[in-house]
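J.: when you get a sec, could you give me coordinates for this:
(chains A and B)
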Amino acid sequence: MKTKRKIGKIFYHVIVCGLGLVMIYPLVWMVMSSFKETNTIFLTAGQLIPEKFVLSNYINGWKGFAKITFATFFKNSLFIAVVATMGTVFSSALVAYGLARCRFFGRRALFVAMLLSMMLPAQVLMIPQYLWYQKLGWVGSYRPLILPYCFAIQGFFVYMMINFIDGIPRELDEAAKIDGCSYYGIFSRIIMPLISPALITASIFSFMWRWDDFLSALLYINESAKYPVSLALKLFCDPGSSSDYGAMFAMATLSILPAVIIFICLQKYLVEGISTSGLKG
Amino acid sequence: MKDNKGAGLKHFLNKESTAGVVFSLPFIIGFLLFMVVPMGISFYYSLCDYNILSPPVFAGLKNYIKMFTDDKVFSQTIGVTFYFALVSVPLRLIFALMVAMLLLNTTKATGFYRAAYYLPSIIGGSVAVAILWKRMFATDGVVNHLLGIMGIQTSFAWLGNKNTAIWTLIILAVWQFGSSMLIFLSSLKQIPVTLYEAARVDGANKFSQFFKITLPLLTPTIFFNLVMQMINGFLAFTQCFIITQGKPLNSTLFYTVYMYQQSFEFYNTGYGAALAWVMLGIIGLITAILFATKKFWVYTEGV
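T.: Alright, predicted model coming up:
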């Protein structure tokens, strides 16, 4: 009986572990390939470990194209992702507080609008927004990639924060009010510090989404010095512009590095974000 | 006097009804400026002959009529997109549920396993993964090499064949089952153990426990996942755009990519706007259909 259970346990780990390896194999293959000599990558595609570890792919890839290095592209992505994230998290917190704690005319209508905005996907808005931003003269700048997010238009985050604020006892607000604190004081001194876990979760998701965002960069950015990493990588890898697969994989690896680092360090928040807000929707 | 006015304003701003509006102001502005207005403009353009270069000319329902009567590619993309969504979403959910069941009994390595299964869905939407996928399924890519190691020598062009190209995209979508898995995992943990104990006393085996207890209690989660992912499946863009560009012979042309082509490559902006509105209609329809079937298979407590 005991050995039978032990065999069962080993069997379980072999299956789960084997399946897990299949899952991450493509990624490991990409990372390993980025250290192979570029002309040997596809000759030795079936072999995971490089015969000789080389860094030349990273050096060649970093040079980028059109005399612009990947340093510029990474800087652009970082700028867009950080500013848009700060904007979206702060504005979402404001709106969430207003909707969660204040009674006012039109609150219900706003709530419905927020749910609608959650349902309205970016792809449906792609052409409408393009036409509108063109009228506003925003095409070619970072404005379409940053400004809309500073107005709490990602209902998902607002919804998550409302749920979080609902969990904070109202007595805290009341006590502060009696002490002469205004709504704005309550928001900045009580609510903001208490919802910091939700703020962190929202920041992580927002940062990763903005970092990955390819569609809006493709639509709005037409000057290579302004490209974010996602778009630069796509053009870097287009047939014709480069057949240096080593450099391609090296830059692709670097481009997912921020997400992987966040994943490793802040996994707790990611898991919580998915399993709680996913369920409540 | 001045002081008085300032105090009055302060008092006004601190009324509950004003404070609520002030706090909600970002969303009110954002919703109007970045959603309502663009949708309105595009609705007008969808009724026009408009190609960016020349000013729009009102044409009534012409774009919509053309779509349904005189555009073979349109019906083809609808077919492709539905095929993709209807195959990849159920497969992804089945995988997610299976792996979630496996990870339910906690061992020391569970954290590590969970991370390995979840990582692909974190980065799966990125350009890097799309590029990787394209190279993996190339004639000299890793897939053919691994098949060679297993004894199947081939230089099959997975992306060049109209039967297999769509499957590379489906596999990529199924590969990202991690976030659904996490959702399943957390709702599996909420099922009371007493139910299983009672079933065991009654002599139910693991198999009927799963179909009589686990699955019914999971149906609300499955429903939620199904709605969200059918919508997202219908909206896939980046992967198709980078990996296949709709090739070969439009056999992988997703609706969103076709919309992009019409608007930004052929400059049929009015037509593109009409396509966007039809997409919204289709998404609404999918959601409505799913909700209509809800009462037949989704378990609700206390009913």
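J.: and residue A:156, how far from residue A:187?
T.: Here residue A:156 is placed at a distance of 21 Å from residue A:187 (C-beta to C-beta, to the nearest Å). Using the backbone N, CA and C atoms, a C-beta is placed for each residue, glycine as well.
J.: neighbour count winner among those two?
T.: Between residue A:156 and residue A:187, counted using other C-beta atoms under 10 Å in any protein chain shown, the more crowded position is residue A:187 (21 against 18).
J.: which SSE is immediately downstream of whichever strand or helix holds residue A:250?
T.: For residue A:250, the host element (DSSP states H and E) is helix A:245-265. Downstream of helix A:245-265, the first helix or strand assigned by DSSP H and E is helix A:267-272.
J.: I'd like to know which elements the helix ranked longest in chain B is packed against.
T.: Using DSSP state H, we find that the single longest helix of chain B is helix B:72-102. Under the contact definition 3 or more C-beta pairs under 8 Å, 6 or more residues apart in numbering or on different chains; DSSP states H and E, helix B:72-102 sits against helix A:2-33, helix B:165-175, helix B:178-188, helix B:215-234, helix B:255-260.
J.: please enumerate the strands of chain A.
T.: Remark: strands of chain A are absent; assignment by DSSP state E.
J.: looking at it, which helix or strand is least sure?
T.: Sorted by mean pLDDT, DSSP states H and E, the helices and strands of chain A end with helix A:278-280, the least confident at a mean of 36.
J.: can you list the residues of the stretch 151-281 of chain A near chain B?
T.: A:151-153, A:158, A:182-184, A:187, A:208, A:212, A:214-215, A:219, A:230-231, A:233-234, A:237, A:245, A:248-249, A:252-253, A:255-256, A:259-260, A:263-264, A:267, A:270-271, A:274-276, A:278-279, A:281 (C-beta under 8 Å from any C-beta of the partner chain).
J.: so which residue is smack in the middle of the chain?
T.: Using chain A here. residue A:208 (1.3 Å; C-alpha atoms, centre = their mean).
J.: let me rephrase: I mean chain B.
T.: Short answer for chain B (C-alpha atoms, centre = their mean): residue B:232, at 1.3 Å.
J.: any low-confidence regions in the chain?
T.: No chain in the question, so chain A it is. A:1, A:239-242, A:273, A:275-281 (pLDDT under 70).
J.: ah, I was thinking of chain B
T.: The low-confidence ranges in chain B, as defined by pLDDT under 70, are B:1-6, B:301-303.
J.: tell me the domain boundaries of it?
T.: B:1-46, B:66-297 (automatic domain parsing).
J.: just these: most buried one?
T.: Comparing those by mean neighbour count (mean count of other C-beta atoms under 10 Å in any protein chain shown), domain B:66-297 comes out on top with a mean of 18.
J.: ok but residue B:204 is inside a strand, no?
T.: No - Residue B:204: not assigned to a strand; according to DSSP: H, G, I helix; E, B strand; the rest coil it is coil.
J.: check contacts around residue A:174.
T.: Counting by C-beta atoms under 8 Å, 6 or more residues apart in numbering or on different chains, residue A:174 touches no other residue.
J.: contacting residues around stretch B:70-83?
T.: For stretch B:70-83, using C-beta under 8 Å, 6+ apart, the contacting residues are B:67-68, B:166, B:233-234, B:236, B:250-255, B:257-258, B:275, B:282.
J.: could I get that stretch in PDB with only the CA atoms?
T.: C-alpha atoms of stretch B:70-83 as PDB (Å, rounded to 0.1, in the frame of the first residue of the first chain):
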ATOM      1  CA  ASP B  70     -20.700  41.700 -52.200                       C
ATOM      2  CA  ASP B  71     -17.700  40.900 -50.000                       C
ATOM      3  CA  LYS B  72     -16.600  37.300 -50.100                       C
ATOM      4  CA  VAL B  73     -13.600  38.100 -47.800                       C
ATOM      5  CA  PHE B  74     -15.900  39.400 -45.100                       C
ATOM      6  CA  SER B  75     -17.800  36.200 -44.800                       C
ATOM      7  CA  GLN B  76     -14.600  34.300 -45.000                       C
ATOM      8  CA  THR B  77     -13.000  36.200 -42.100                       C
ATOM      9  CA  ILE B  78     -16.200  35.700 -40.000                       C
ATOM     10  CA  GLY B  79     -15.900  32.000 -40.700                       C
ATOM     11  CA  VAL B  80     -12.200  31.900 -39.800                       C
ATOM     12  CA  THR B  81     -12.600  34.000 -36.600                       C
ATOM     13  CA  PHE B  82     -15.500  31.900 -35.400                       C
ATOM     14  CA  TYR B  83     -13.600  28.700 -36.100                       C
END
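J.: what's the distance between it and the middle of its chain?
T.: Relative to its chain's centre, stretch B:70-83 lies at 18 Å (C-alpha atoms, centre = their mean, to the nearest Å).
J.: just checking, what packs against the next helix or strand after the longest helix of chain B?
T.: Per DSSP H and E, the first helix or strand lying C-terminal to helix B:72-102 is helix B:110-123. Applying 3+ C-beta pairs under 8 Å, 6+ apart, one finds that helix B:110-123 contacts helix A:2-33, helix A:245-265, helix A:267-272, helix B:178-188.
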